[in-house]
Structure formats: structure tokens, C-alpha cells
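Chemist: Sequence isn't available, so here's the structure alone:
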């Protein structure tokens, strides 16, 4: 281990946890000291792969004074419990979204935990995406004048498994929650005041069976009048469709989809044919996941305030719950932050 590296413990070794493990191992600022998962065989396998120590309980990491940061990528129902233990032991916390599926539980937890003045970074990785982040920078520079409208498109190439969907909390808390956070990032202090949500499923019997949506659209409006339209789909035949548009009174700026190669093909039968979009969120946001760790290192070493903190995680759940309320009432609902 190099000098002055940040000792970190990773909890949760599912698909996203293993991606984080690989990124942490390759990051110059971190030493992945411990890994943990409820699957003991998997824990040992990943520990061996990354030359880390496998632990049988997260408490081993919480009590180890050499551990600076606890990285939480476990199931959602464990998030608040592990944040609680980590902050009580004066650890910096990184926690994947969402904080929890129950807003009342989150609000009670906030009152209990904030006396410890915790440093909690939430895994809304899209804020760190170079394309999406450039929109914020250009907005602040006045390049498009006064912001008037935000349009966010998020479409997955294929829906997740039925078991995942059953425990996901629904499309607003599982998928659109990323877009809620990104929209709040762009509007800044001009918070959203009104929200309308609608959605449907087309032939997806598993969505109907678990009462979740296959496609969803949300329209929001801030106190200052900025409009935001978010569209989500659990399926997309042409790849992982991720686009953001900011429209202002002096111009427009767009963060486009990404391809493996930005090459266009022209022939007698077609023009401007391009390669398909990246087909998975880990590929699409690979740079964002790494930049996210750069920021976490600054939180750990330089006592920097997290770019996306506990309150941002809570606010996104408020928007998701308001969307669920609007879906039932079929009308605009007041957002109560």
C-alpha cells in the first residue's frame, strides 16, 4: 500500500459493488482494505481477486480506526443502518442511491444522525458526467442566458429482472431518481414547486403484475417558472438513451448520447449512419464513476463538502413520492420539501 492512501471498506459486492471495487483498486488515492457481502463465498472470491481482506461482518470495518471511509453498495433496506453505524464511528460515508424507499424513515433518521455532523456522499453519478456537468458550467457562465426549460431523456436498453423490480421501489424511486437529482442540480436554489406524473406499460405483463410502470413522464415547474420534462423507459431498441437539454432565452445546450466511436457512414442507400449507443449504464457513465471517486477522495482528505449529500438524496425521494402521488390523483401536486 502506498503512503497516505485512504483505507476504505466496501460493503456489497453485487453488480454495482464489483464495478466500484475495480474502480477503487485502480484509483491512486484509495486502498481497498476490506470487502463484505452477505454471500460469504462471493466475499472471499472478490477479496482474493483484488488482494483485499474479506470480513464476516461490517462491524469489523466500523470499529477499525484505520478505515477512513465506508462505501455502501448493499441492498437499499440496509443503507440507513450502515450509514448510522459508520457516522457514529466517525467515518466518511459513500452510499449508493436511494437512501431508503420510505421518506418518513429518512426524515426521522436525519434528525437522529445529524448531531454527528456526518460527511455523506450519495451515488448520483450523473452530476460528474463530463457532458452533463458541462451543461451546468455553461449555464453558470451565462452561455444560454436565463434558464427556461430542462428536457431529460433516460431509456434503458432492457428491463431488469422481475425480482429486482419487486424490491426496487418503482420506476420513480429506482430509475427516475437519477433524473430528479440532475434536474435539481441545474435549477440550483430555485427548487421545484409543482409536479405532474403519468405512465403506462405496453405488453409488459410483469410490470402490470407488480403494479410498476414500463414508461413514465414527469413535468415539473420551479418557483421561478423553469419547466422540466423527464421521460423514462425501461426498454429501448437502439441502446442506452441518455440525453439532457437546457434551453434558455439566449440559446440551448445539449449533452448527447455516447457511442464507442463517433463515426458516421455514408453510402448510396443511406447517409449519416452511426454506431449504436452504449448499451449499459456502467459503460455510458464509466468516466462519471471515476470522477465521483476523485471527489470522494477530496471529501476524505481535504474535508471537502460532498457535491451530492444526504439532503440531495432526501430531496430526490420527496420528488419520487410526489410523482407517485400525482400518478394516483392524475393532477399536478405540490412538492413539499
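Modeler: Arrived safely. Computed from a predicted model, the values in this text were never measured in an experiment.

Chemist: So which residues of the stretch 101-250 of the chain form strands?
Modeler: 120-122, 147-155, 192-200, 215-222, 227-233, 241-248 (DSSP state E, counting those that start in this stretch).

Chemist: just those strands: most buried one?
Modeler: strand 120-122 (a mean of 25; mean count of other Cβ atoms under 10 Å). C-beta coordinates here come from the backbone N, C-alpha and C atoms, glycine included.

Chemist: Find the centremost residue of this protein, please.
Modeler: The centroid of the chain falls nearest to residue 124 when counting by Cα atoms, centre = their mean (2.9 Å).

Chemist: any chance of the strands of the stretch 101-250 of the chain in a markdown table, with mean pLDDT and distance to residue 6 too?
Modeler: Shown next, in a markdown table, are these (pLDDT from 0 to 100; distance: least, Cβ to Cβ, whole Å):
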| stretch | mean pLDDT | distance to residue 6 |
| --- | --- | --- |
| strand 120-122 | 98 | 13 |
| strand 147-155 | 97 | 32 |
| strand 192-200 | 97 | 35 |
| strand 215-222 | 98 | 37 |
| strand 227-233 | 98 | 35 |
| strand 241-248 | 94 | 30 |
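
Chemist: quick one: which of those is nearest residue 333?
Modeler: Counting by Cβ to Cβ, residue 333 lies closest to strand 192-200 out of the strands of the stretch 101-250 of the chain; the figure is 5.5 Å.

Chemist: Where does pLDDT dip in the protein?
Modeler: 1-2, 203-204, 259-280 (pLDDT under 70).

Chemist: tell me the contacts of the residue nearest to the centre of the chain?
Modeler: With contact set as Cβ atoms under 8 Å, 6 or more residues apart in numbering, residue 124 has these partners: 97, 178, 181-182, 308, 312-313, 316.

Chemist: Can you get me the start-to-end distance on stretch 164-173?
Modeler: 13 Å (Cα to Cα, to the nearest Å).

Chemist: For it, which outside residues touch it?
Modeler: By Cβ under 8 Å, 6+ apart, the list of residues contacting stretch 164-173 reads 75-76, 98, 101, 159-160, 174, 180, 197, 199, 206-207, 210, 212-213, 216, 218, 232, 234, 317, 319-321, 323-324.

Chemist: Shouldn't residue 316 be within a helix?
Modeler: Yes: checked against DSSP: H, G, I helix; E, B strand; the rest coil, residue 316 lies within a helix.

Chemist: Quick check, it in contact with residue 182.
Modeler: No: assessed by Cβ atoms under 8 Å, residue 316 is found out of contact with residue 182, at 9.5 Å.

Chemist: Could you pull up the contacting residues of the residue nearest to residue 14 when sequence neighbours are not counted?
Modeler: Using Cβ to Cβ, 6 or more residues apart in numbering and skipping the chain neighbours, the partner closest in space to residue 14 is residue 73 (7.0 Å). Residues in contact with residue 73 (Cβ under 8 Å, 6+ apart) are 10-14, 16-17, 20, 96, 123.
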